[in-house]
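**Q** Generate coordinates for the sequence data below:
(one chain, ligands or ions: 1)
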Amino acid sequence: MRLTSKIILGLVLGGIIGLVLNITSQTLFESLNTWLFVPLGQIFLNFINMLVVPIVFFSLTLGTAGLGDPKKLGRIGGKTISFFLVSTAMALIIGISLAFIVQPGAGGDYNTNVEYEPAEAPPIADTLLNIIPTNPIQAMAEGDMLQIIVFSIFVGLGLAVLGDKTSGILKLVDQGNEIMMYLVGLIMKFAPYGTFGLIATAVGTQGLSAIRNMGMYMIVVVLALFIHAIFTYGTAVKVLGKMNPLHFFKTFVPAMTVAFSTSSSSATLPVSMKIAQNNLKVPERISSFVQPLGATINMDGTGIMQGVATVFIAQAYGLDLAVTDIVTVVLTAVLASIGTAGVPGVGLILLAMVLNSVGLPPEGIGLIIGIDRLLDMTRTAVNITGDAACSVVVAQSEKNKS
Ligand code: ASP
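**A** Sure, this is the predicted structure:
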């Protein structure tokens, strides 16, 4: 059986078993969860997280060194960031429009007296200043993706400029990268079991009644995610990337399932970079720049959730949103996602910022928090697919450039 089929089987089995246990026996679920599901999931999660920092460092350093010319880096950077900004804005517009059409929060009887203390998001100005690491080792130890990106680009530039003088280090980085890519392949053999454990835990823990109450909201978010993935990415990949969208989505499935089960763009990076480079044939210098950057600053799925959630919360509280509010939501959500790493649950922190920006009660998050883990899985899969689509598009546009 192919690995992709095995991972999907793990995912489906995990979902079914988690659901059955959730309905039938909470005690049995608890013991299986402690002794089987959590360990399986955690082993897999730890293994792929183990590779994130070295893979970003080796791969991006190597990519930048291969680029040779800072001007090229600027050009690729410009295209990448433009793609990210436009696609995230599209995502928000799709989410908000669908929420206005379906009105998931209207008419329902929601308990708006929930208590919820939103976490603070870091101020955007600080994030931008902090992307230059004062201590690169600390940046790596803490997994600060933007800082690691900046450091790797500088080391890569040094290698390119110094040429022969540093050919030993260049070779070392190249071989380091080889090792990491090999390890991703090795660890992925465990993915079906890891996925099984992670999904069983997630589905088994979520109460079915919570899902039932929030059904409309969930449907709107998932529908908007699908529309965005198929239309926005499908069109971008076909028209700008000159690639068959079906081939793109099919090839990328293993990365999507890892994102789905881990709810973390960062943890999915090793797998999504390997697939983009080996199977989608995105040159390493482009993939290694676009994808780590995207895992941090490009979160279209999260944007969709924020758009839908804002409209939903306004409806549930019986408050109106003006056109200016909607523009504010789009701008805040696009900016907020810069600088917050793609890890589970980050979307809720961003949502608090977005709600604040238009004067909606942040306690409204309490309404959706119960089912957020399930949506986090779906939106993370979209988040990393957007980064891969961008890498395909940028690769195509750079094809005939020296
Ligand atoms: N978990 C998401 C990611 O890693 C972020 C979020 O929406 O919470 O991309």
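
**Q** in the stretch 251-400 of the chain, which spans are strands?
**A** When secondary structure is read from DSSP state E, counting those that start in this stretch, the stretch 251-400 of the chain shows no strands.

**Q** where does the closest residue to Gly345 other than its chain neighbours land on pLDDT?
**A** Counting by C-beta to C-beta, 6 or more residues apart in numbering, Gly345 lies nearest to Asp376, which is 6.3 Å off, once chain neighbours are set aside. Every residue, glycine included, has its C-beta placed from N, CA and C. The per-residue pLDDT reported for Asp376 equals 93.

**Q** Do I have it right that Asp376 meets Ser261?
**A** No - the criterion here is C-beta atoms under 8 Å, and Asp376 misses it with Ser261 at 11.0 Å.

**Q** hmm, back to that, OK, contacts around the residue nearest to Gly345?
**A** Ser263, Pro344, Gly345, Gly347 (C-beta atoms under 8 Å, 6 or more residues apart in numbering).

**Q** I'd like the distance between it and the ligand.
**A** Using C-beta to the nearest ligand atom, to the nearest Å, one gets 5 Å for the distance from Asp376 to the ligand.

**Q** Give me the nearest residue to the residue in the stretch 1-150 of the chain that the ligand sits nearest to, chain neighbours excluded.
**A** The nearest approach of the stretch 1-150 of the chain to the ligand comes at Met145, 11.1 Å away (C-beta to the nearest ligand atom). Nearest in space to Met145, with sequence neighbours left out and distances taken as C-beta to C-beta, 6+ apart, is Thr296 at 4.4 Å.

**Q** ditto for Leu32
**A** In this structure, Leu32 finds its nearest non-sequential neighbour in Leu21, 6.8 Å apart by C-beta to C-beta, 6+ apart.

**Q** on that earlier part again, surely the residue nearest to Met145 and Val346 touch.
**A** No - look at Thr296 against Val346 with C-beta under 8 Å: they stay out of range, at 10.2 Å.

**Q** Now the common contact residues for these two.
**A** Taking C-beta under 8 Å, 6+ apart as the contact criterion, the common neighbours of Thr296 and Val346 are Thr340.

**Q** what sits against Ile304?
**A** Each residue near Ile304 by C-beta under 8 Å, 6+ apart is listed here: Ala91, Leu92, Ile94, Gly95, Val221, Ala224, Leu225, His228, Arg379, Val382.

**Q** Inside helices: which ones of the residues you listed?
**A** Restricting the contacts of Ile304 to those inside helices, with DSSP state H as the criterion, leaves Ala91, Leu92, Ile94, Gly95, Val221, Ala224, Leu225, Arg379, Val382.

**Q** How confident is the prediction for the second one, by pLDDT?
**A** Per-residue pLDDT puts Leu92 at 93.

**Q** just the last one next, same as before
**A** Looking at Val382, its pLDDT reads 97.

**Q** That one: neighbouring residues, count only.
**A** By the other C-beta atoms under 10 Å criterion, the neighbourhood of Val382 contains 28 residues.

**Q** What separation do you get for it and the ligand?
**A** Counting by C-beta to the nearest ligand atom, the gap from Val382 to the ligand is 9 Å.

**Q** wait, doesn't that residue sit right on Asp300?
**A** Yes - counting by C-beta under 8 Å, Asp300 is a contact partner of Val382 at 5.8 Å.

**Q** Please enumerate the shared neighbours of the two.
**A** Ala91, His228.

**Q** and Pro133, helix, strand or coil?
**A** In three-state terms, and counting by DSSP: H, G, I helix; E, B strand; the rest coil, Pro133 is coil.

**Q** residue ranges with poor pLDDT in the stretch 151-300 of the chain?
**A** 207, 209-210 (pLDDT under 70).

**Q** Which single residue of it ends up nearest the ligand?
**A** Nearest residue of the stretch 151-300 of the chain to the ligand, counting by C-beta to the nearest ligand atom: Ser265, 3.5 Å away.

**Q** Can I get the strand or helix carrying Ser152 as PDB, trimmed to CA atoms?
**A** Element membership for Ser152 (DSSP states H and E) is helix 145-162. Once non-C-alpha atoms are left out, helix 145-162 reads as follows in PDB (Å, rounded to 0.1, in the frame of the first residue of the first chain):
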ATOM      1  CA  MET A 145      11.000  31.200  12.500                       C
ATOM      2  CA  LEU A 146      11.300  34.800  11.200                       C
ATOM      3  CA  GLN A 147      14.600  35.200  13.000                       C
ATOM      4  CA  ILE A 148      15.900  31.900  11.800                       C
ATOM      5  CA  ILE A 149      14.900  32.900   8.200                       C
ATOM      6  CA  VAL A 150      16.900  36.200   8.500                       C
ATOM      7  CA  PHE A 151      20.000  34.500   9.900                       C
ATOM      8  CA  SER A 152      19.900  31.700   7.300                       C
ATOM      9  CA  ILE A 153      19.600  34.300   4.400                       C
ATOM     10  CA  PHE A 154      22.600  36.200   5.800                       C
ATOM     11  CA  VAL A 155      24.700  33.100   6.100                       C
ATOM     12  CA  GLY A 156      23.700  32.100   2.600                       C
ATOM     13  CA  LEU A 157      24.700  35.500   1.300                       C
ATOM     14  CA  GLY A 158      28.100  35.200   3.000                       C
ATOM     15  CA  LEU A 159      28.600  31.800   1.400                       C
ATOM     16  CA  ALA A 160      27.700  33.200  -2.000                       C
ATOM     17  CA  VAL A 161      30.000  36.200  -1.800                       C
ATOM     18  CA  LEU A 162      32.900  34.400  -0.300                       C
END
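
**Q** Now do that helix: which elements does it pack against?
**A** Helix 145-162 makes packing contacts with helix 38-67, helix 70-102, helix 136-142, helix 167-188, helix 284-297 when contacts are defined by 3 or more C-beta pairs under 8 Å, 6 or more residues apart in numbering; DSSP states H and E.

**Q** Looking at the ones you listed, which is nearest to Phe312?
**A** Taking C-beta to C-beta as the criterion, helix 70-102 is the member of the helices and strands packed on helix 145-162 that comes nearest to Phe312, at 6.2 Å.

**Q** I'd like the next helix or strand past the closest one.
**A** Under the assignment DSSP H and E, the closest C-terminal helix or strand after helix 70-102 is helix 124-129.
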